[in-house]
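In: Structure for the following, please:
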Amino acid sequence: MKQKILKPEVNARWSGEPVSKEILIPLIRRAISPEQMAGRIHYELTYPGYQRTADTLFFLRLNWNFNYGRVKRVYAAFDGTLQEREIRDGDMEIGSYNSYTRILNQGSINFCVFSIIFHLHLIRLYYRDYQGKEIVTQYYHTPQPARGTLLQMVRTLDSLVNDRSDRKDDRARLLVEAIGKQLLYELENTREDAPKERLAVSLKDYMDHYFYSSINCSSICEALGVNRSYASTVFHRNYGIAMNDYLTQLRLDAAEFLLKSEQKIRIDDIARFCSFADANYFARLFRKRRGMSPQEYRKKFRPADGMREI
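Out: Down below sits the predicted model:
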């Protein structure tokens, strides 16, 4: 019997309000407090039947749940198996960004979720407060992704999440606490760039978050409810690059990451994962950027051994 493929979805509209990092920093402190870190840990892995895109290969999410009116029931890929499970006040969820989580009793409970999501291009701090049918969402995107010490700890935690051995909770707690403290240090010691126009920030955030999906300038502006010509002007004025060029840049960055990874992913699949129209178009853009083909780039930068094709 052929395995059912679960297709990723792009939200019909971009939800949430961009806020300054000062608004969400206190939530990091709360998340890594001894009280919050004492809760149960759930490991959510990408379901094997999920249609692959670039996000399944380098995203890691940390979720903290608190202020519950009732127990939350969810359907997700816990430890790689789709199942229903109860999430209680104080529980933590660690794992893949798209573990296909579905909240089964969302409309009947009050709860808050705070997330730290490590993307290829940024770190996303995300807060959502469910109060019946009213949902308040706030987020902050860092100007750069995890690097250096923080990146090494995130990679270590990702390896631990995928470890099938028992009794890994204590190690996971230590890593999550260390990641939270390092992120706090970096946020508090990083100077903000000059503020951008609100629409420009929303456009960039949308592309940063959904670049791997089949979006384009028209669909982005439709999702945000703005005029395309006006949006293009605002984006270029703030970031000095055309929207379409920025979207292509994000996709090529992702392709380079995948070409250099230890997993020997087929070129056709890399093009598809990063939402290029086809492999030939991807190869033309890549050669124009790097002066070599994707195959030549992989040969130059891939590890000497340990490669496995997926």
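In: rest of the way, CA atoms for contacts and neighbours
Out: OK.
In: Identify the residues contacting stretch 175-186?
Out: With contact meaning Cα atoms under 8 Å, 6 or more residues apart in numbering, stretch 175-186 is reached by 25, 28-29, 32, 37, 149-150, 153-154, 157.
In: biggest helix in the chain, by residue count?
Out: Counting residues, the longest helix in the chain under DSSP state H turns out to be helix 169-188.
In: Would you mind listing the buried residues in that helix?
Out: Across helix 169-188, burial judged by 16 or more other Cα atoms under 10 Å covers 172-173, 175-181, 183.
In: quick one on the thing from earlier: redo the contacts of stretch 175-186 as CSV? Include distance to residue 45 and neighbour count.
Out: Converted to CSV, the contacts of stretch 175-186 look like this (distance: Cα to Cα, whole Å; neighbours: other Cα atoms under 10 Å):
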residue, distance to residue 45, neighbour count
25, 27, 17
28, 23, 19
29, 26, 15
32, 22, 20
37, 20, 19
149, 24, 11
150, 21, 18
153, 18, 18
154, 15, 20
157, 13, 22
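In: between those, which is nearest residue 77?
Out: Taking Cα to Cα as the measure, residue 77 lies nearest residue 157 of the contacts of stretch 175-186, at 17.9 Å.
In: The closest one: what's it in contact with?
Out: 172, 175-176.
In: Could you find the closest non-adjacent residue to the residue positioned nearest the centre of the chain?
Out: By Cα atoms, centre = their mean, the chain has its centre lying nearest to residue 119, at 4.2 Å. Excluding its sequence neighbours, the residue lying closest to residue 119 (Cα to Cα, 6 or more residues apart in numbering) is residue 59, at 5.1 Å.
In: And that neighbour, what's its pLDDT?
Out: Predicted confidence (pLDDT) at residue 59: the value is 77.
In: Would you agree it is in contact with residue 121?
Out: No: between residue 59 and residue 121 there is no contact under Cα atoms under 8 Å: 10.1 Å.
In: which stretches of the stretch 1-150 of the chain aren't confidently modelled?
Out: Within the stretch 1-150 of the chain, the ranges that satisfy pLDDT under 70 run 1-15, 46-57, 97-100, 132-133.
In: tell me the helices in it, going along the chain?
Out: 21-31, 34-37, 55-58, 148-161 (DSSP state H, counting those that start in this stretch).
In: So for residue 84, which of the ones you listed sits nearest?
Out: The nearest among these, by Cα to Cα, is helix 148-161 at 19.2 Å.
In: Please determine how far residue 60 is located from residue 93.
Out: Distance, residue 60 to residue 93, by Cα to Cα, to the nearest Å: 11 Å.
In: likewise residue 193?
Out: Distance, residue 193 to residue 93, by Cα to Cα: 32 Å.
In: Which residue of the two possesses the greater neighbour count?
Out: Shown here are residue 193 and residue 93; by other Cα atoms under 10 Å, residue 93 has more neighbours (18 against 7).
In: If that one is in a bridge, with which residues?
Out: Beta-bridge partners recorded for residue 93 (DSSP bridges): residue 42, residue 63.
In: From what I see, residue 218 and residue 229 are in contact.
Out: No: the criterion here is Cα under 8 Å, and residue 218 misses it with residue 229 at 9.7 Å.
In: And for residue 108, the neighbour number?
Out: The number of residues near residue 108, taken as other Cα under 10 Å, comes to 13.
In: Please apply the same query to residue 58.
Out: Residue 58 - counted by other Cα under 10 Å - has 17 other residues nearby.
In: could you dump stretch 71-82 to PDB, C-alpha only?
Out: Backbone C-alpha positions of stretch 71-82 (Å, rounded to 0.1, in the frame of the first residue of the first chain) are rendered in PDB as follows:
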ATOM      1  CA  VAL A  71      -5.200  20.000  29.200                       C
ATOM      2  CA  LYS A  72      -4.400  20.400  25.600                       C
ATOM      3  CA  ARG A  73      -4.900  17.400  23.300                       C
ATOM      4  CA  VAL A  74      -2.800  17.400  20.200                       C
ATOM      5  CA  TYR A  75      -2.100  15.100  17.200                       C
ATOM      6  CA  ALA A  76       1.500  15.100  16.200                       C
ATOM      7  CA  ALA A  77       4.500  13.000  15.200                       C
ATOM      8  CA  PHE A  78       5.800  12.100  18.600                       C
ATOM      9  CA  ASP A  79       9.100  10.300  18.300                       C
ATOM     10  CA  GLY A  80       8.300   9.900  14.600                       C
ATOM     11  CA  THR A  81       4.900   8.200  15.000                       C
ATOM     12  CA  LEU A  82       1.700  10.100  14.500                       C
END
